[in-house]
Every structure is written in structure tokens, then in C-alpha cells.
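Novice: how would this look folded up:
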Amino acid sequence: MRSALVAAAAAVVLLAVLPASPSSAATAPEPPGGSPALPVPGPPPFRGQGFAIGDSVMMGARRCLEPKAWTVDAVGSRQADAVGDILWAKRGRLPRVIVVHTGTNAGVEQRQFDRIMRIVGHRVVVVWVTVQLPETPRYTREDSTNRVIRSSVPRYLNARLADWNAVSFPHRHQWMWGDGIHLTPAGCLAYARLVDRVARA
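Specialist: Residues are numbered from 1 along each chain as shown. Take a look at the predicted model:
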């Protein structure tokens, strides 16, 4: 009798540690009617008119961005604080997706990045563009600016990265003029392709 009980107990332990077979695995309950539940789709890709704000680099991309349904507000020497001020004035009237290119002049600091994200709010997708600058003393903030942008984008669910610095570096002699900053016609096309693809993914 005792040996039979021991055998039965061993069988229970064995069943407890063995993985369940596919036929015995628990399955999610089916909705009424017996049809399996369908995955909930994410938001559709953005197809509307976007807003792009930036400095002289974006000025050089205007003619390539506008045919892709982007309203471009770009002026030379614009700095990050000025971008925040303009977005503050437009709050509540921004489209669902915007592109920000700033940092060529005086760089981008963490407080400026965070301020812009607070201004636009969580319902607007912000595509941040990294900067490509020459290695001269005047533009020593390239690394710090790109570090702020790259490290901060993952902290915001509504932020995306268009890494112009990484994409353009192998082509910098073809996509930028001799100053190493502003866009040639080929750079204009490449820049617009990158930001539009990231924004509308």
C-alpha cells in the first residue's frame, strides 16, 4: 500500500515539473462566435501636412521638403531657444507631426530639448534631426548636441530620431558644400528623404 502511495506521489511531482504539451497549453479565450481575436492595429502612418522648423541647414532643404507636404519655417542662425519660442506661439495649432533641426548655431542643451518637448505636448510627434558640422573650433558643439538628441529621444514616446549626422557623414563631400554644413542639391534630396521617411513611418 505504502509503495503504491509513493509511486502515485512521484507521478504527481513528475507531472508538475514537466512542460505542458502543446495540446494541453492554455489558450487565450476566444470572443463569442469562435473567431480568434485580431491584433489591435497601431495608428496609421502620417499622411497630412507637416511642419518643419529649423535653421539655415533646413533652409537648404526647403525646396525638397515642400513637395512632400511640409510647411517649412527656417531662417539662418536660428538657435534652439528661438525654436522653442516659435513653437510656444503656435501651441494648439501644430499638426500631428513636426520636424526640428536646430543646433548648428550654439548647439542644443538638455534644458532646451526638454522645453521644446513640454511645449508641443505628448500628442505631437517630434522628429529631431542631428547636426552635421565641420571639425573647426567654431563648431565644437556638434558632439554634445548630437549626444543630447540621441540620448533624449528614447525618453519621449512621441519623439523620433532622424540621424542626419550618421546618414550624411559618408557622403558629406557630395551632400554638403565646401563649408561642410549647408546642402548641395543632392544633399537637399537626401535630407528630405530621411526626415520624411522617419516622420511618416
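Novice: hey, let's count contacts and neighbours off CA atoms from now on
Specialist: OK.
Novice: so what pLDDT did the most centrally placed residue in the chain get?
Specialist: Against the mean C-alpha coordinate of the chain, by C-alpha atoms, centre = their mean, the closest residue is R160 at 1.1 Å. We have a pLDDT of 98 for R160.
Novice: Could you do P41 as well?
Specialist: Per-residue pLDDT puts P41 at 58.
Novice: doesn't the residue nearest to the centre of the chain fall inside a strand?
Specialist: Yes: R160: assigned to a strand according to DSSP: H, G, I helix; E, B strand; the rest coil.
Novice: Show the end-to-end separation of stretch 172-188, please.
Specialist: Using C-alpha to C-alpha, to the nearest Å, the end-to-end distance of stretch 172-188 comes out at 12 Å.
Novice: For this protein, just list every one of the strands.
Specialist: 50-54, 70-74, 97-101, 125-129, 159-162 (DSSP state E).
Novice: Tell me where the model's unsure across the protein.
Specialist: Along the chain, the parts satisfying pLDDT under 70 run over 1-43.
Novice: Try it again at 90.
Specialist: The chain contains residues with pLDDT under 90 at 1-47, 135-140.
Novice: now the strands of the chain as JSON lines including distance to P44?
Specialist: Below are those laid out as JSON lines (distance: least, C-alpha to C-alpha, whole Å):
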{"stretch": "strand 50-54", "distance to P44": "15"}
{"stretch": "strand 70-74", "distance to P44": "18"}
{"stretch": "strand 97-101", "distance to P44": "13"}
{"stretch": "strand 125-129", "distance to P44": "13"}
{"stretch": "strand 159-162", "distance to P44": "16"}
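Novice: So for Y139, which of the ones you listed sits nearest?
Specialist: strand 97-101 (15.6 Å; C-alpha to C-alpha).
Novice: and the closest one, which strands flank it?
Specialist: Within its sheet, strand 97-101 is paired with strand 50-54 (parallel), strand 125-129 (parallel), according to DSSP bridges.
Novice: Go ahead and name everything in contact with it.
Specialist: 46, 50-55, 57-58, 124-131, 195, 199 (C-alpha atoms under 8 Å, 6 or more residues apart in numbering).
Novice: Out of those residues, which end up buried?
Specialist: Burial by neighbour count, judged by 16 or more other C-alpha atoms under 10 Å, picks out 50-55, 57-58, 124-131, 195, 199 from the contacts of strand 97-101.
Novice: hmm, back to that, turn the strands paired with strand 97-101 into TSV, columns for distance to R93.
Specialist: Converted to TSV, those look like this (distance: least, C-alpha to C-alpha, whole Å):
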stretch	distance to R93
strand 50-54	10
strand 125-129	14
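Novice: Which among those strands is found nearest to N146?
Specialist: Across the strands paired with strand 97-101, closest to N146 is strand 125-129 (C-alpha to C-alpha), at 8.7 Å.
Novice: ok, residues contacting that closest one?
Specialist: Contacts to strand 125-129, defined as C-alpha under 8 Å, 6+ apart, come from residues 96-102, 117, 149, 153, 158-164, 195, 198-199.
Novice: And the residues you listed, which of them are buried?
Specialist: The buried subset of those - by 16+ other C-alpha under 10 Å - is 96-102, 117, 149, 153, 158-164, 195, 199.
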